[in-house]
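**Student:** Make a model of this:
(one chain, ligands or ions: 2)
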Amino acid sequence: MSVPVQRLVAAVDLGGSKVTGLIGEVTGDARSWGLRILGIGIEESAGIRRGAIRDFEETVRAITRAMKTAEQVAGLEVGTVYCGVSGVHIAERISHGVASIPGSEIRTVDLARVNDVACAISFGQDQELLHAIPHDYRVDGQSGYADPIGMTGERVEAEVYLVTVRSSAIAHQRKAVEKAGWHVGEFVLEPLAASLAVLTAEEREAGAVLVELGAGSTSVAIFQGGKLRHTAALRFAGGHVTSDLVHGLQITQAEAERIKVAYGSAYEAMVPEVEVIELPAAGGHPSRHTPRKLVAHIMGMRFQEVLELACDEVTRAGWGMTGLPAGVVLSGGGAATPGIVELTRDVFAARVRVGVPADGLRGLVDRVAAPGLAVPVGLALWGARQVATGSGFGAAGKSSPAVERVLAPVKRWLQDFF
Ligand SMILES: Nc1ncnc2c1ncn2[C@@H]1O[C@H](COP(=O)(O)OP(=O)(O)OP(=O)(O)O)[C@@H](O)[C@H]1O
Ligand SMILES: [Mg+2]
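**Tutor:** Ligands and ions are numbered 1, 2, ... in the order given. Now for the predicted structure:
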């Protein structure tokens, strides 16, 4: 297939249950861009836990398999990838910057300067800046300006939302991707990427909560006014649901995972009384029957706990659902569980839907139309948006030197802004 390499984007999502490689072609132009999915590879892996690499060699193996499969499906090779970052080693803070305006009119360079000032703080040991998102500008003491370019004034202040990450955690990820044979061009916060795949621009503007139910962690991200306002990673997720089934039903991990996906439900009341499922003989127990309602009860209890923690996180961050009228959008593998929408609605008392990547996509759309692929698709969309607007690096061929993110914060805040 002949797609100019600068129109290709590739992404790697290092998840707790799987590693996903994705290759796409950027379509359209800066004003109306999209992504044609050319190749995808998904490799089960337990090398990563809550965003941190636990088993380096296993992670390298999974990245290699996932990316090779994606390349085979696409019929081409790529060299540089966008890589997701998530987990408990992410930190956030609000920082302020101030600058005087030499001319009478505020120009892009003035905003760049004031944003740079806000970013020029110490992040603490082993922490580095991942994203800088200007939330608000003040001009001569007057707040509430999202974009003051062209306004007149003498002094501009910026309130910038900074997301930092543990340097050693991303250094390990970079090493694993490089050992597998690819380069990391840029790291992107996973919920920020996922929001491009499953939230509409209207939802991000009006206010919405993205809850990503993964295997090892649950990400909560609040969007409002078109911007990321808050993010947190919770330690409980789909893996705990599986463990509860192992203990509750006295079955193996593999069997619990199979039953969860085949017969699982998060909402006990939706499961008919009469339905029973067969549990195979295991661990000294003969094969037996169990009510499906019991499976739903066990799963529902854990999911409810996870969702209550997510809801508490929104409140703790100073938000209420009335200020987030677009409600909750669920993504991640756990969002495929029947009854999860109903349960989430009970917990949040808000509008809830499952986010499935589809908007703006072409090509192998049916292969990525699952909530569990919101992150890898979002990473590729993040890259596609950058390529379309002229600030990305494409997927550069294997022989090209590494395309590191050598952008000054000036460029960085421009890119993170949306
Ligand atoms: N159809 C399904 N029904 C219920 N649960 C499912 C389904 N498919 C996947 N899951 C669950 O979703 C979880 C995996 O989700 P996902 O693929 O989003 O996680 P991950 O990206 O590997 O991990 P993390 O993001 O936490 O590092 C597993 O616990 C899995 O059992
Ligand atoms: Mg994930």
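**Student:** count of neighbours near residue 320?
**Tutor:** 9 (other C-beta atoms under 10 Å). Any C-beta I mention is one placed from the backbone N, CA and C, and that applies to glycine too.
**Student:** so what's residue 212 bridging to?
**Tutor:** Taking DSSP bridges, one obtains residue 219, residue 331 as the residues bridged to residue 212.
**Student:** Distance of residue 284 relative to ligand 1?
**Tutor:** When C-beta to the nearest ligand atom, to the nearest Å is the yardstick, residue 284 and ligand 1 sit 25 Å from each other.
**Student:** residue in the stretch 1-150 of the chain nearest to ligand 2?
**Tutor:** residue 15 (3.7 Å; C-beta to the ion).
**Student:** any weak-confidence spans in this protein?
**Tutor:** Counting by pLDDT under 70, the chain shows low-confidence ranges at 1, 283, 396-418.
**Student:** Break it down into its domains, please.
**Tutor:** Each structural domain of the chain that the record assigns through automatic domain parsing is listed here as a residue range: 90-165, 238-299.
**Student:** Identify whichever of these lies nearest to residue 211.
**Tutor:** For residue 211, the closest of those is domain 238-299, at 12.3 Å, according to C-beta to C-beta.
**Student:** Centre of the chain to that closest one, how far?
**Tutor:** Computed by C-alpha atoms, centre = their mean, to the nearest Å, the chain-centroid distance of domain 238-299 equals 29 Å.
**Student:** With stretch 293-308 instead?
**Tutor:** In terms of C-alpha atoms, centre = their mean, the centre of stretch 293-308 is found 24 Å from the chain centre.
**Student:** Residue 386 looks like it's in a helix, true?
**Tutor:** Yes: read with DSSP: H, G, I helix; E, B strand; the rest coil, residue 386 is one of the residues of a helix.
**Student:** Hmm, residue 392 and it touching each other?
**Tutor:** Yes: at 3.0 Å, residue 386 counts as touching residue 392 under the criterion of C-beta atoms under 8 Å.
**Student:** Provide the secondary structure category for residue 382.
**Tutor:** In three-state terms, and counting by three-state DSSP, residue 382 is helix.
**Student:** which residues touch stretch 163-171?
**Tutor:** For stretch 163-171, contacts defined as C-beta atoms under 8 Å, 6 or more residues apart in numbering pick out 51-53, 85, 87, 89-93, 123-124, 126-133, 187, 189, 192, 228, 231.
**Student:** measure residue 241 to ligand 1 for me?
**Tutor:** Shown here: residue 241 relative to ligand 1, a distance of 6 Å by C-beta to the nearest ligand atom.
**Student:** Is that residue located within a strand, as I assumed?
**Tutor:** No: with three-state DSSP as the criterion, residue 241 is assigned helix and is not in a strand.
**Student:** quick one: contacts for it?
**Tutor:** For residue 241, the contacting residues are 260, 264, 298-299, 302-303, 334, by C-beta under 8 Å, 6+ apart.
**Student:** Please repeat the previous calculation with a cut-off of 10 Å.
**Tutor:** 213, 215, 256-257, 260, 264, 266, 298-303, 305-306, 334, 337 (C-beta atoms under 10 Å, 6 or more residues apart in numbering).
**Student:** and the protein, which residues reach ligand 2?
**Tutor:** On the criterion C-beta under 5 Å from the ion, ligand 2 has as its neighbours in the chain the residues 15, 214, 375.
**Student:** Verify the contact between residue 375 and residue 191 for me.
**Tutor:** Yes: counting by C-beta atoms under 10 Å, residue 191 is a contact partner of residue 375 at 8.2 Å.
**Student:** who touches both of these two?
**Tutor:** With contacts taken as C-beta under 10 Å, 6+ apart, the residues that reach both residue 375 and residue 191 are 84, 86, 212, 219, 331-332.
**Student:** Once you drop chain neighbours, what's closest to residue 65?
**Tutor:** Excluding its sequence neighbours, the residue lying closest to residue 65 (C-beta to C-beta, 6 or more residues apart in numbering) is residue 43, at 4.3 Å.
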